[in-house]
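J.: could you work out the structure for the sequence below:
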Amino acid sequence: MERVLITGGAGFLGSHLCDRFLAEGCEVICLDNLLTGVLDNVAHLFGNPRFQFIKHDVTNYVHVPGQVDAILHFASPASPVDYLEYPIQTLKVGSLGTHKTLGLAKEKRATYLLASTSEVYGDPLEHPQREDYWGNVNPVGPRGVYDEAKRFAEAMTMAYHRYHGCSTRIVRIFNTYGPRMRIDDGRALPTLMAQALRGEPMTVYGDGSQTRSFCYAEDLVEGIYRLLRSSTSEPVNIGNPHEMTILDFARTVKRITGSRSEIVFQPLPQDDPKVRQPDIGRARKLLGWEPKVMLEEGLQRTLDYFKGKV
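T.: This is a model prediction of the structure:
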(Lines give C-alpha, C1' and ligand atoms only; values in the text may rest on other atoms or scores of the structure.)
Protein backbone atom coordinates (compact mmCIF):
# COMPACT_ATOMS: atom_id res chain seq x y z
CA MET A 1 0.00 0.00 0.00
CA GLU A 2 1.25 3.46 -0.88
CA ARG A 3 0.70 6.67 1.04
CA VAL A 4 -0.17 9.64 -1.16
CA LEU A 5 -0.44 13.33 -0.24
CA ILE A 6 -2.69 15.46 -2.47
CA THR A 7 -2.59 19.21 -1.91
CA GLY A 8 -5.74 21.01 -3.05
CA GLY A 9 -7.43 17.66 -2.52
CA ALA A 10 -10.84 19.20 -1.82
CA GLY A 11 -10.86 20.98 -5.16
CA PHE A 12 -12.46 19.89 -8.41
CA LEU A 13 -9.56 17.82 -9.75
CA GLY A 14 -7.97 17.08 -6.37
CA SER A 15 -11.10 15.33 -5.11
CA HIS A 16 -11.26 13.11 -8.20
CA LEU A 17 -7.63 12.19 -7.61
CA CYS A 18 -8.44 11.28 -4.00
CA ASP A 19 -11.12 8.92 -5.32
CA ARG A 20 -8.74 7.36 -7.84
CA PHE A 21 -5.88 6.67 -5.46
CA LEU A 22 -8.22 5.24 -2.82
CA ALA A 23 -9.65 2.96 -5.51
CA GLU A 24 -6.08 1.84 -6.24
CA GLY A 25 -5.68 0.75 -2.62
CA CYS A 26 -3.59 3.71 -1.49
CA GLU A 27 -3.76 5.65 1.74
CA VAL A 28 -4.64 9.27 0.87
CA ILE A 29 -3.89 12.44 2.81
CA CYS A 30 -5.95 15.34 1.47
CA LEU A 31 -4.51 18.73 2.36
CA ASP A 32 -6.50 21.89 1.57
CA ASN A 33 -7.00 25.34 3.12
CA LEU A 34 -10.50 25.55 1.53
CA LEU A 35 -9.81 28.90 -0.13
CA THR A 36 -11.46 27.57 -3.30
CA GLY A 37 -11.83 23.90 -2.37
CA VAL A 38 -15.10 22.58 -0.95
CA LEU A 39 -15.49 19.96 1.78
CA ASP A 40 -18.55 18.55 0.03
CA ASN A 41 -16.20 17.26 -2.69
CA VAL A 42 -14.59 14.81 -0.25
CA ALA A 43 -17.35 14.40 2.36
CA HIS A 44 -18.18 10.96 0.95
CA LEU A 45 -14.65 9.81 1.87
CA PHE A 46 -14.68 10.73 5.56
CA GLY A 47 -15.72 7.25 6.64
CA ASN A 48 -12.86 5.61 4.76
CA PRO A 49 -10.06 4.53 7.16
CA ARG A 50 -7.49 5.10 4.39
CA PHE A 51 -8.50 8.75 3.95
CA GLN A 52 -7.37 11.69 6.05
CA PHE A 53 -8.27 15.37 5.61
CA ILE A 54 -5.99 18.10 6.95
CA LYS A 55 -6.92 21.77 6.72
CA HIS A 56 -3.64 23.55 6.04
CA ASP A 57 -2.12 26.26 3.85
CA VAL A 58 0.83 24.79 1.94
CA THR A 59 2.56 28.16 1.77
CA ASN A 60 3.43 27.44 5.41
CA TYR A 61 5.69 24.65 6.60
CA VAL A 62 4.22 21.24 5.79
CA HIS A 63 4.82 18.38 8.23
CA VAL A 64 3.44 14.91 7.61
CA PRO A 65 4.61 12.22 10.03
CA GLY A 66 5.49 8.82 8.66
CA GLN A 67 6.03 7.50 5.17
CA VAL A 68 4.93 9.43 2.09
CA ASP A 69 5.41 7.75 -1.29
CA ALA A 70 3.97 10.39 -3.63
CA ILE A 71 3.01 14.07 -3.45
CA LEU A 72 0.64 15.61 -5.99
CA HIS A 73 0.69 19.41 -5.73
CA PHE A 74 -2.72 20.60 -6.95
CA ALA A 75 -3.27 23.46 -4.51
CA SER A 76 -4.00 26.71 -6.37
CA PRO A 77 -6.85 28.90 -7.51
CA ALA A 78 -7.37 27.71 -11.08
CA SER A 79 -10.01 29.87 -12.72
CA PRO A 80 -9.73 33.51 -13.83
CA VAL A 81 -12.40 34.57 -11.33
CA ASP A 82 -10.49 32.94 -8.48
CA TYR A 83 -6.95 34.01 -9.28
CA LEU A 84 -8.05 37.57 -10.06
CA GLU A 85 -9.76 37.68 -6.65
CA TYR A 86 -6.79 36.06 -4.91
CA PRO A 87 -3.72 37.23 -6.88
CA ILE A 88 -1.27 37.20 -3.96
CA GLN A 89 -2.43 33.79 -2.72
CA THR A 90 -2.10 32.42 -6.27
CA LEU A 91 1.49 33.63 -6.54
CA LYS A 92 2.33 32.32 -3.07
CA VAL A 93 0.93 28.83 -3.60
CA GLY A 94 2.79 28.53 -6.91
CA SER A 95 6.08 29.68 -5.36
CA LEU A 96 6.14 29.09 -1.59
CA GLY A 97 3.69 26.19 -1.77
CA THR A 98 5.75 24.47 -4.45
CA HIS A 99 8.94 25.04 -2.44
CA LYS A 100 7.42 23.65 0.76
CA THR A 101 5.98 20.55 -0.90
CA LEU A 102 9.17 19.87 -2.85
CA GLY A 103 11.05 20.07 0.44
CA LEU A 104 8.72 17.46 1.88
CA ALA A 105 9.21 15.25 -1.20
CA LYS A 106 12.98 15.52 -0.77
CA GLU A 107 12.72 14.64 2.93
CA LYS A 108 10.43 11.65 2.32
CA ARG A 109 12.09 10.58 -0.95
CA ALA A 110 8.63 10.73 -2.49
CA THR A 111 7.77 11.03 -6.16
CA TYR A 112 6.53 14.58 -6.78
CA LEU A 113 3.93 15.54 -9.38
CA LEU A 114 3.28 19.20 -10.12
CA ALA A 115 -0.07 20.30 -11.54
CA SER A 116 0.93 22.86 -14.13
CA THR A 117 -1.31 24.27 -16.82
CA SER A 118 -1.72 25.11 -20.48
CA GLU A 119 -1.61 28.73 -19.31
CA VAL A 120 2.20 28.49 -19.25
CA TYR A 121 1.88 28.89 -23.04
CA GLY A 122 0.02 32.20 -22.57
CA ASP A 123 -1.68 33.52 -25.70
CA PRO A 124 0.25 31.12 -27.94
CA LEU A 125 1.90 32.00 -31.21
CA GLU A 126 2.31 28.30 -32.03
CA HIS A 127 -0.64 26.02 -32.60
CA PRO A 128 -1.26 23.35 -31.41
CA GLN A 129 0.93 23.70 -28.35
CA ARG A 130 3.77 21.22 -27.85
CA GLU A 131 5.76 20.87 -24.65
CA ASP A 132 8.87 22.36 -26.26
CA TYR A 133 7.07 25.67 -26.96
CA TRP A 134 8.20 28.32 -24.45
CA GLY A 135 5.02 30.37 -24.56
CA ASN A 136 3.85 33.96 -25.03
CA VAL A 137 2.98 35.24 -21.56
CA ASN A 138 2.38 38.79 -20.34
CA PRO A 139 4.08 38.74 -16.91
CA VAL A 140 2.51 42.02 -15.75
CA GLY A 141 -1.01 41.47 -17.09
CA PRO A 142 -3.88 40.42 -14.81
CA ARG A 143 -3.51 36.76 -15.79
CA GLY A 144 0.24 36.85 -15.09
CA VAL A 145 -0.31 35.97 -11.43
CA TYR A 146 -1.44 32.49 -12.47
CA ASP A 147 0.68 32.01 -15.59
CA GLU A 148 3.94 33.05 -13.96
CA ALA A 149 3.21 31.21 -10.70
CA LYS A 150 2.94 27.99 -12.69
CA ARG A 151 6.00 28.76 -14.81
CA PHE A 152 7.99 29.41 -11.63
CA ALA A 153 6.63 26.19 -10.12
CA GLU A 154 7.87 24.25 -13.14
CA ALA A 155 11.33 25.83 -12.85
CA MET A 156 11.48 25.05 -9.13
CA THR A 157 10.40 21.45 -9.74
CA MET A 158 13.08 20.95 -12.37
CA ALA A 159 15.69 22.53 -10.07
CA TYR A 160 14.87 19.99 -7.35
CA HIS A 161 15.05 17.23 -9.95
CA ARG A 162 18.43 18.33 -11.32
CA TYR A 163 20.12 19.55 -8.11
CA HIS A 164 18.67 17.23 -5.46
CA GLY A 165 17.90 14.24 -7.68
CA CYS A 166 14.22 14.26 -6.73
CA SER A 167 11.86 12.09 -8.76
CA THR A 168 9.53 14.67 -10.33
CA ARG A 169 6.70 14.83 -12.87
CA ILE A 170 5.04 17.87 -14.46
CA VAL A 171 1.57 17.70 -16.00
CA ARG A 172 0.35 20.60 -18.12
CA ILE A 173 -3.41 20.44 -17.77
CA PHE A 174 -5.63 21.78 -20.54
CA ASN A 175 -9.30 22.77 -20.11
CA THR A 176 -11.02 20.09 -18.04
CA TYR A 177 -14.65 19.73 -17.00
CA GLY A 178 -16.89 17.40 -15.04
CA PRO A 179 -18.81 16.96 -11.78
CA ARG A 180 -17.66 18.96 -8.73
CA MET A 181 -16.80 22.12 -10.65
CA ARG A 182 -18.01 25.14 -8.71
CA ILE A 183 -20.89 26.85 -10.47
CA ASP A 184 -19.42 30.27 -9.65
CA ASP A 185 -15.80 29.53 -10.57
CA GLY A 186 -16.00 31.59 -13.77
CA ARG A 187 -14.82 28.96 -16.24
CA ALA A 188 -16.68 28.43 -19.49
CA LEU A 189 -18.55 25.24 -18.74
CA PRO A 190 -19.99 25.98 -15.27
CA THR A 191 -20.89 29.51 -16.31
CA LEU A 192 -22.66 28.46 -19.52
CA MET A 193 -24.35 25.42 -18.01
CA ALA A 194 -25.63 27.33 -14.98
CA GLN A 195 -26.94 30.14 -17.20
CA ALA A 196 -28.63 27.63 -19.51
CA LEU A 197 -30.30 25.76 -16.64
CA ARG A 198 -31.53 29.01 -15.10
CA GLY A 199 -32.82 30.34 -18.41
CA GLU A 200 -30.44 33.30 -18.22
CA PRO A 201 -28.56 34.76 -21.20
CA MET A 202 -25.49 32.64 -21.96
CA THR A 203 -22.33 34.77 -21.96
CA VAL A 204 -19.74 34.40 -24.71
CA TYR A 205 -16.71 36.69 -24.71
CA GLY A 206 -15.44 38.41 -27.87
CA ASP A 207 -17.10 37.01 -30.98
CA GLY A 208 -16.77 33.44 -29.70
CA SER A 209 -14.18 32.47 -32.30
CA GLN A 210 -11.49 31.78 -29.69
CA THR A 211 -10.92 28.04 -29.32
CA ARG A 212 -10.59 25.62 -26.43
CA SER A 213 -10.19 21.86 -26.08
CA PHE A 214 -12.29 20.23 -23.35
CA CYS A 215 -11.19 17.06 -21.55
CA TYR A 216 -13.46 15.10 -19.20
CA ALA A 217 -12.13 14.81 -15.63
CA GLU A 218 -12.08 11.00 -15.64
CA ASP A 219 -9.79 11.01 -18.68
CA LEU A 220 -7.52 13.62 -17.15
CA VAL A 221 -7.16 11.66 -13.90
CA GLU A 222 -6.18 8.56 -15.87
CA GLY A 223 -3.47 10.54 -17.65
CA ILE A 224 -2.16 11.95 -14.37
CA TYR A 225 -2.12 8.50 -12.78
CA ARG A 226 -0.11 7.10 -15.69
CA LEU A 227 2.28 10.04 -15.60
CA LEU A 228 2.98 9.52 -11.90
CA ARG A 229 3.74 5.85 -12.59
CA SER A 230 6.04 6.73 -15.49
CA SER A 231 9.71 7.67 -15.31
CA THR A 232 9.62 10.90 -17.32
CA SER A 233 10.61 14.21 -15.75
CA GLU A 234 9.66 16.19 -18.87
CA PRO A 235 6.45 18.24 -18.86
CA VAL A 236 3.57 16.33 -20.45
CA ASN A 237 0.42 17.86 -21.94
CA ILE A 238 -2.76 16.14 -20.77
CA GLY A 239 -5.90 17.32 -22.52
CA ASN A 240 -8.29 16.62 -25.34
CA PRO A 241 -6.92 17.59 -28.77
CA HIS A 242 -10.44 18.07 -30.18
CA GLU A 243 -10.59 21.85 -30.69
CA MET A 244 -13.77 23.89 -30.94
CA THR A 245 -14.79 27.53 -30.76
CA ILE A 246 -16.35 28.86 -27.58
CA LEU A 247 -19.44 29.82 -29.59
CA ASP A 248 -19.86 26.23 -30.81
CA PHE A 249 -19.31 25.02 -27.27
CA ALA A 250 -22.02 27.37 -25.96
CA ARG A 251 -24.42 26.11 -28.64
CA THR A 252 -23.66 22.51 -27.65
CA VAL A 253 -24.35 23.24 -23.97
CA LYS A 254 -27.58 25.00 -24.92
CA ARG A 255 -28.73 21.99 -26.97
CA ILE A 256 -27.85 19.38 -24.34
CA THR A 257 -29.59 21.32 -21.56
CA GLY A 258 -32.64 21.98 -23.73
CA SER A 259 -32.39 25.63 -22.78
CA ARG A 260 -34.11 28.52 -24.53
CA SER A 261 -31.51 31.01 -23.31
CA GLU A 262 -30.13 33.47 -25.82
CA ILE A 263 -26.40 33.71 -26.38
CA VAL A 264 -25.03 37.19 -25.68
CA PHE A 265 -21.58 38.62 -26.32
CA GLN A 266 -19.32 40.53 -23.92
CA PRO A 267 -15.87 42.14 -24.48
CA LEU A 268 -12.94 39.72 -24.51
CA PRO A 269 -10.90 39.89 -21.27
CA GLN A 270 -7.29 41.13 -21.46
CA ASP A 271 -4.75 38.49 -22.56
CA ASP A 272 -7.44 35.87 -23.06
CA PRO A 273 -5.86 33.16 -25.28
CA LYS A 274 -7.23 33.11 -28.83
CA VAL A 275 -6.41 29.44 -29.37
CA ARG A 276 -5.83 26.48 -27.09
CA GLN A 277 -5.19 22.94 -28.29
CA PRO A 278 -2.77 20.40 -26.86
CA ASP A 279 -0.38 18.34 -28.89
CA ILE A 280 -0.59 15.05 -26.95
CA GLY A 281 2.04 13.18 -28.93
CA ARG A 282 4.27 12.90 -25.85
CA ALA A 283 1.42 11.51 -23.72
CA ARG A 284 0.55 8.98 -26.41
CA LYS A 285 4.16 7.87 -26.78
CA LEU A 286 5.28 7.82 -23.14
CA LEU A 287 2.04 6.99 -21.34
CA GLY A 288 -0.07 5.22 -23.96
CA TRP A 289 -2.77 7.76 -23.05
CA GLU A 290 -5.44 9.61 -24.96
CA PRO A 291 -8.93 10.76 -23.94
CA LYS A 292 -11.82 8.31 -24.29
CA VAL A 293 -14.94 10.20 -23.18
CA MET A 294 -16.67 12.03 -26.02
CA LEU A 295 -17.85 15.60 -25.38
CA GLU A 296 -21.58 14.80 -25.56
CA GLU A 297 -21.25 11.98 -23.02
CA GLY A 298 -19.09 14.05 -20.67
CA LEU A 299 -21.45 17.01 -20.84
CA GLN A 300 -24.43 14.78 -20.05
CA ARG A 301 -22.68 13.38 -16.96
CA THR A 302 -21.78 16.92 -15.89
CA LEU A 303 -25.33 18.13 -16.51
CA ASP A 304 -26.70 15.49 -14.15
CA TYR A 305 -24.46 16.89 -11.42
CA PHE A 306 -25.24 20.55 -12.14
CA LYS A 307 -29.00 19.95 -12.08
CA GLY A 308 -28.62 19.20 -8.37
CA LYS A 309 -26.64 22.38 -7.75
CA VAL A 310 -28.55 25.08 -9.65
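J.: residue 235 versus residue 165, what's the distance?
T.: Going from residue 165 to residue 235 by Cβ to Cβ, to the nearest Å gives 19 Å. No exception for glycine: its C-beta is placed from N, CA and C like everyone else's.
J.: for residue 301, same thing?
T.: On the measure of Cβ to Cβ, residue 301 and residue 235 end up 29 Å apart.
J.: who has more neighbours, those two?
T.: The neighbour count for residue 301 versus residue 235, taken as other Cβ atoms under 10 Å, is higher for residue 235 (19 against 15).
J.: phi first, then psi, for that one.
T.: phi -60, psi 140 (degrees, to the nearest 10).
J.: give me the contacts around stretch 145-155.
T.: 73, 76-78, 80, 83-84, 87-88, 90-91, 93-95, 98, 114, 116-117, 119-120, 122, 135, 137-139, 170, 235 (Cβ atoms under 8 Å, 6 or more residues apart in numbering).
J.: now the buried members of those residues.
T.: Burial by neighbour count, judged by 16 or more other Cβ atoms under 10 Å, picks out 73, 76-78, 80, 83-84, 87, 90-91, 93-95, 98, 114, 116-117, 119-120, 122, 135, 137, 170, 235 from the contacts of stretch 145-155.
J.: count of neighbours near residue 218?
T.: Residues within reach of residue 218, counting by other Cβ under 10 Å, total 18.
J.: which stretches in the stretch 51-200 of the chain count as helices?
T.: When secondary structure is read from DSSP state H, counting those that start in this stretch, the stretch 51-200 of the chain shows helices at 80-85, 87-108, 144-164, 188-198.
J.: kindly report the same for the stretch 201-310 of the chain.
T.: Remark: helices assigned in the stretch 201-310 of the chain by DSSP H, counting those that start in this stretch are 217-229, 246-257, 281-287, 295-307.
J.: how about the last one: buried residues?
T.: In other words, helix 295-307. Across helix 295-307, burial judged by 16+ other Cβ under 10 Å covers 295, 298-299, 302-303, 306.
J.: let's have those residues in JSON lines, adding distance to residue 149 and pLDDT.
T.: Shown next, in JSON lines, are the buried residues of helix 295-307 (distance: Cβ to Cβ, whole Å; pLDDT from 0 to 100):
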{"residue": "295", "distance to residue 149": "29", "pLDDT": "95"}
{"residue": "298", "distance to residue 149": "28", "pLDDT": "97"}
{"residue": "299", "distance to residue 149": "30", "pLDDT": "96"}
{"residue": "302", "distance to residue 149": "27", "pLDDT": "96"}
{"residue": "303", "distance to residue 149": "32", "pLDDT": "96"}
{"residue": "306", "distance to residue 149": "29", "pLDDT": "95"}
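J.: nearest to residue 253, of those?
T.: Nearest to residue 253 among the buried residues of helix 295-307: residue 299, at 6.7 Å, using Cβ to Cβ.
J.: the closest one against residue 251, yeah?
T.: No: between residue 299 and residue 251 there is no contact under Cβ atoms under 8 Å: 11.9 Å.
J.: give me the residues contacting the least confident helix or strand in the chain by mean pLDDT.
T.: The least trusted helix or strand in the chain, going by mean pLDDT, DSSP states H and E, turns out to be helix 80-85, with a mean of 92. Contact with helix 80-85 is made by 36, 76-77, 90, 142-143, 145-146, 184-187, 269, as judged by Cβ under 8 Å, 6+ apart.
J.: who wins on neighbours among those?
T.: For the contacts of helix 80-85, counting by other Cβ under 10 Å, the largest number of neighbours falls to residue 76: 29 neighbours.
J.: that one is in contact with residue 94, isn't it?
T.: Yes: if you go by Cβ under 8 Å, residue 76 and residue 94 touch, sitting 6.2 Å apart.
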